[in-house]
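1. Could you look at this predicted model? Sequence included:
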Amino acid sequence: MSVRRVRYYLYLKDVLWLSLTAFGGPQVFLAMVLDLMVKKRGYIKEGELWELNALCLILPGPTSTQTISAIGYRIGGPNLAYLSLLVWILPATIMMIGAAFLIVFLQENTPGALSFAKFIQPMAIGFIIYAARTTIFKMVKTTEASILMMFSTFISFFYNSPFIFPLMLIAGGVTTSLKYRNQPKLEGDKSLVISWANFYLWGGILVFAATLGAITKNQSILLFENFYRNGSLIFGGGQILIPYLFTEFVEFKKFLTSEEFLTGYAIAQGMPGPTFSFSSYVGALSMREFGIVGLLTGGFVAAAGIFLPGTFLIFFVIRFWDQLKKYRPVRAALEGINAVSCGMLIAAAFLLFEPLEANAFNILAIIGTFLLLQFTKLSSPLIIAVGVVAGVLYNLVF
C-alpha cells in the first residue's frame, strides 16, 4: 500500500473517530479537529483550518460537514472528500433513524409513549434559546444588524412559511452589502477564475429533483427536494435548521407533531456528529406510513438531501475563495445574512413553545436547561440523559 493510501486511510479513520466522539456542537468539534488533524496528524496547518472554517461559515449548509469535506478535498481531492463526507455523517444518520424507529415503536405499543420525553421536550427549547444567545453575541454587532434581526424575528413568527425564509436571507444580505465601504480593502489581484462544474451540479440536481417531484408526486423524491432546498439555503449552522424544518414539516405539511419534533431535537442534542443529522429523524417520520422501508428511505433520503448541497457549494467556492473574499460587498453581505438567521432562531424558540402548555413545569425546565448550559460545564448528552431518566421516573411514580 502506497504512502498516499495509508495517509488517506488514516484520515478516514480519524473522521470516523470524530463522528463517534464529537459531542457538544461546533465549538467542541473545532477544538477536536485542531487537536487531532492539525497538531497531531498535521494534515493541514492551523491557519488553513481557520480559513476553511470561515469559508464554510459563510456558505449555506452544515458547517462542520463542509469543513471535514474541505479538509479531505485539500488532502486527496474530490474522491477523498466524498468518502470523508460519508464516514462523517453515517453514524449520526443511523442513530437518528434509530430514534425515529424507537418513537414509532413506542407509539404503536405503549400507551402514553412519549411520556419519557416529558422533561426533554421543554428542555429542547432551552437548548435553542442558548444557541440563539450564543449565536447573537457572535454575529450581531451593529445597530443595522440588530434591526434586521428584530424584523426577521417578527416576520418569521407571524409569516412562518418555508418560502419566506430565502427571501429574508437575500434581503438581509443585499441590505448590508450596500455598506461595503465600511469593509477594509484587501490588496492583491481580484480577478476571478471560476470553475462552474460543481455549481452546475448543485443547481442541476435542485431543478431536476423539483421537476421530477412535481411530475411524479413520489413522496421520497419530494422529500429529497425539500431537504436539498433547505440545505441550499440555511446559513448559520445546525441551530438555524430548526425553524425551517418545524415550519415545513410540522406546521405546513403536518408530517410530525410538535411533540415528536421536540423529542427528536432533544435526542439529537445527545448524539455525536453533525447537528444536521436531525434531518434524518424528521425524514424517517415523514414516511412512516410506508412502514420499515419508508422509515429507512425517508431517513437516508433526508440525509442525502440536507448534506449534499453544502458539499457541492464548498467544492465550488474553495477553488476561487482567495479571490472572492477580496470583494468588499461579499464580506459586507454576510452581516445581514447572519442577522436574519439569528432572528429566525429567536422566532423558532417562540414557535416551538406555543404547542406546550405555558405552565410552571415547562417554564422551569426551559430556564433550568439554559442555566445549566450557560453556567456549568455539563455536556449536552449528560443533560439530556438526566432529562430522560427524570421523565421515566416521573412516569413510573405518577
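-> The structure has been received and is ready for your questions. Numbering: from 1, shown residues only.

2. where's stretch 43-50 relative to the chain centroid, distance-wise?
-> In terms of CA atoms, centre = their mean, to the nearest Å, the centre of stretch 43-50 is set 23 Å apart from its chain centre.

3. Using the record's assignment, carve this protein into domains.
-> 3-84, 90-113+143-342 (automatic domain parsing).

4. out of those, nearest to Ala358?
-> Smallest distance to Ala358 across these (CB to CB): 13.8 Å, for domain 90-113+143-342. Placement of C-beta: from N, CA and C, glycine included.

5. Quick check: end-to-end length of that closest one?
-> 29 Å (CA to CA, to the nearest Å).

6. Make TSV out of the domains of the chain and add distance to Ser379, mean neighbour count and mean pLDDT.
-> Formatted as TSV, those follow (distance: least, CB to CB, whole Å; neighbours: other CB atoms under 10 Å; pLDDT from 0 to 100):
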stretch	distance to Ser379	mean neighbour count	mean pLDDT
domain 3-84	6	18	82
domain 90-113+143-342	9	19	85
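
7. of all the ones you listed, which lies closest to Val388?
-> Closest among these, using CB to CB: domain 90-113+143-342, at 8.3 Å.

8. can you give me the offset of stretch 120-133 from its chain's centre?
-> On CA atoms, centre = their mean, the centre of stretch 120-133 falls 15 Å from that of its chain.

9. That should have said stretch 91-111, apologies.
-> With CA atoms, centre = their mean, you get 20 Å for stretch 91-111.

10. residues making contact with it?
-> The contact list for stretch 91-111 (CB atoms under 8 Å, 6 or more residues apart in numbering) reads 16, 19-20, 113-114, 260, 263-264, 267-268, 271-274, 277-281, 284-285, 288, 295-296, 299-300, 303.

11. Now intersect the residues you listed with the helices, please.
-> Among those, DSSP state H puts 16, 19-20, 260, 263-264, 267-268, 278-281, 284-285, 295-296, 299-300, 303 in helices.

12. can you list the domains of the chain in TSV and add distance to Ile125?
-> Output for the domains of the chain, formatted as TSV (distance: least, CB to CB, whole Å):
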stretch	distance to Ile125
domain 3-84	16
domain 90-113+143-342	7
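
13. Now do the helices in the stretch 51-200 of the chain.
-> 63-109, 120-139, 143-158, 164-177, 197-216 (DSSP state H, counting those that start in this stretch).

14. Any chance of the ones you listed in TSV with distance to Ala358 as columns?
-> Output for these, formatted as TSV (distance: least, CB to CB, whole Å):
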stretch	distance to Ala358
helix 63-109	25
helix 120-139	11
helix 143-158	16
helix 164-177	26
helix 197-216	38
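
15. Any idea which of these gets closest to Leu55?
-> Closest of the helices of the stretch 51-200 of the chain to Leu55 is helix 63-109, at 7.3 Å (criterion: CB to CB).

16. which stretches of the stretch 251-398 of the chain form helices?
-> For the stretch 251-398 of the chain, helices defined by DSSP H, counting those that start in this stretch occupy the ranges 258-269, 278-286, 291-317, 321-324, 328-353, 360-375, 380-397.

17. Among those helices, which comes closest to Ala209?
-> The nearest among the helices of the stretch 251-398 of the chain, by CB to CB, is helix 291-317 at 8.0 Å.

18. what angle separates the closest one from helix 197-216?
-> For helix 291-317 against helix 197-216, the angle by axes from the mean of the first three to the mean of the last three CA atoms, to 10 degrees is 150 degrees.

19. rewinding a little: quick one: closest of the helices of the stretch 51-200 of the chain to Ile367.
-> helix 120-139 (7.1 Å).

20. Okay, buried residues for the closest one please.
-> Across helix 120-139, burial judged by 16 or more other CB atoms under 10 Å covers 120-136, 139.

21. Adding distance to Phe157, write the helices of the stretch 251-398 of the chain out as CSV.
-> Putting those into CSV (distance: least, CB to CB, whole Å) gives the following:
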stretch, distance to Phe157
helix 258-269, 15
helix 278-286, 21
helix 291-317, 24
helix 321-324, 34
helix 328-353, 4
helix 360-375, 17
helix 380-397, 26
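
22. Of those helices, which is nearest Thr216?
-> Nearest to Thr216, of these and by CB to CB, is helix 291-317 at 14.0 Å.

23. so what secondary structure elements neighbour that closest one?
-> Here helix 291-317 touches helix 46-57, helix 63-109, helix 197-216, helix 219-233, helix 278-286, going by 3 or more CB pairs under 8 Å, 6 or more residues apart in numbering; DSSP states H and E.
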